[in-house]
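Peer 1: Structure here, sequence nowhere to be found:
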């Protein structure tokens, strides 16, 4: 199969990280893969190290008259059977570049995006069943909609990262963009309710960092919280922690939940759409009401006080990961989908 992926997203983010994992995994599986990306030396280097030859384009605003022509030229030269457009900007350019083309155009959505960008796509892929329902509710035909879950890297067995906490600290881990949607203030307030030996490693960066640092000082958390910035060593961070916390108010899926599952770490999450769909409350993780610092603190305290229950929840999450969100089952589902999708505009699957 000849597959082109078009990604014009940001340097960091869940969709962007999954795009890289999927493109590289499909290449390892034997597919011919073209990755077309917004100019990003770090992303290009990671893709190149994985054996791809990424094409970097500008993907600018309305006055960008070059990217569309260059994208069409790259696609014509590659001759894909299927083009997968990621996120709004990538979809806008891919749609224009695919007019009259022989390949099938797939729009891949990881959230409640503006569907006007995806007009002209032959079929849409969503990574949760809830998102499929939302897309259909906007009037998109069900027969042109497919659910395909994300997979996460298998992070079990990593060596623990060194963290700036004293010996014997009980370590919580949270990861993500420091943005209001992630609701880290509720997590900091929950941390302030927990005993002083409980510490938080917060990996990520974003516009809320200064406000979160101010809040941590105001709550008297001091050295109990470490702002780590963006990190690539997710497995090592999980290995160094006891519980993964996902306090997001808005989380269409939550790739971080899947990473916690893979490392057999118990996950405590606010009951946003994605975590609520992925986590079986009380068995593979714990769900708490969105924005409820007292409930979050109580859930965390309960697991910290009951290591056997925490281990059982982590093991159950690991089982869910292996069955539904590991690389092999998700790639197999993508293979079946792509073989069918390639026939939509009459392309060969050979």
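Peer 2: It's in. None of the values given here were measured: they were computed from a predicted structure.
Peer 1: which stretches of the stretch 1-150 of the chain have low pLDDT?
Peer 2: The model of the stretch 1-150 of the chain has no residue with pLDDT under 70.
Peer 1: Would you map the strands across it?
Peer 2: In the stretch 1-150 of the chain, the strands defined using DSSP state E, counting those that start in this stretch lie at 2-7, 32-38, 55-57, 82-86, 104-109, 123-126, 145-147.
Peer 1: tell me the most buried of the ones you listed?
Peer 2: strand 82-86 (a mean of 28; mean count of other C-beta atoms under 10 Å). Quick note: C-beta positions are derived from backbone N, CA and C, even for glycine.
Peer 1: Not counting its own residues, what contacts that strand?
Peer 2: Strand 82-86 is contacted from outside by 1-9, 15-16, 19, 75, 91, 93-95, 98, 101, 103-108, 118, 121, 125, 338, 341-342, 347, using C-beta atoms under 8 Å, 6 or more residues apart in numbering.
Peer 1: Tell me which of the strands of the stretch 1-150 of the chain lies nearest to residue 49.
Peer 2: Smallest distance to residue 49 across the strands of the stretch 1-150 of the chain (C-beta to C-beta): 12.3 Å, for strand 32-38.
Peer 1: Strand partners (parallel or antiparallel) of that closest one?
Peer 2: strand 2-7 (parallel), strand 55-57 (parallel) (DSSP bridges).
Peer 1: mind putting the strands of the stretch 1-150 of the chain in TSV, distance to residue 180 included?
Peer 2: Below are the strands of the stretch 1-150 of the chain laid out as TSV (distance: least, C-beta to C-beta, whole Å):
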stretch	distance to residue 180
strand 2-7	25
strand 32-38	24
strand 55-57	31
strand 82-86	24
strand 104-109	21
strand 123-126	24
strand 145-147	28
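Peer 1: Now distance to residue 66 too, for the strands paired with strand 32-38, in JSON lines please.
Peer 2: Below are those laid out as JSON lines (distance: least, C-beta to C-beta, whole Å):
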{"stretch": "strand 2-7", "distance to residue 66": "15"}
{"stretch": "strand 55-57", "distance to residue 66": "8"}
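Peer 1: closest one to residue 200 among those strands?
Peer 2: So among the strands paired with strand 32-38, strand 2-7 is nearest, using C-beta to C-beta, at 31.6 Å.
Peer 1: now the closest one, how far from the centre of its chain.
Peer 2: Centroid separation for strand 2-7 versus its chain: 18 Å, with C-alpha atoms, centre = their mean, to the nearest Å.
Peer 1: all helices of the stretch 51-200 of the chain, in order?
Peer 2: Assigned helices in the stretch 51-200 of the chain, in chain order: 67-78, 87-97, 129-137, 184-192 (criterion: DSSP state H, counting those that start in this stretch).
Peer 1: looking at those helices, which is closest to residue 198?
Peer 2: Across the helices of the stretch 51-200 of the chain, closest to residue 198 is helix 184-192 (C-beta to C-beta), at 6.6 Å.
Peer 1: residue ranges for the strands of the stretch 151-300 of the chain, please.
Peer 2: Counting by DSSP E, counting those that start in this stretch, the strands of the stretch 151-300 of the chain are 170-175, 198-203, 225-229, 243-246, 267-270, 286-288.
Peer 1: Kindly reformat these as a markdown table and extend each row with mean neighbour count.
Peer 2: Formatted as a markdown table, the strands of the stretch 151-300 of the chain follow (neighbours: other C-beta atoms under 10 Å):
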| stretch | mean neighbour count |
| --- | --- |
| strand 170-175 | 23 |
| strand 198-203 | 23 |
| strand 225-229 | 17 |
| strand 243-246 | 26 |
| strand 267-270 | 27 |
| strand 286-288 | 23 |
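Peer 1: Mind checking the strands of the stretch 1-150 of the chain for the one nearest to residue 285?
Peer 2: Of all the strands of the stretch 1-150 of the chain, strand 145-147 comes closest under C-beta to C-beta, at 20.7 Å.
Peer 1: Which strands and helices lie in contact with the closest one?
Peer 2: strand 123-126, helix 129-137 (3 or more C-beta pairs under 8 Å, 6 or more residues apart in numbering; DSSP states H and E).
Peer 1: My guess is residue 191 contacts residue 200. True?
Peer 2: Yes - counting by C-beta atoms under 8 Å, residue 191 does reach residue 200; the two are 5.2 Å apart.
Peer 1: Report the set of residues contacting both of the two.
Peer 2: With C-beta under 8 Å, 6+ apart as the test, residue 191 and residue 200 both reach 172, 221, 224, 225.
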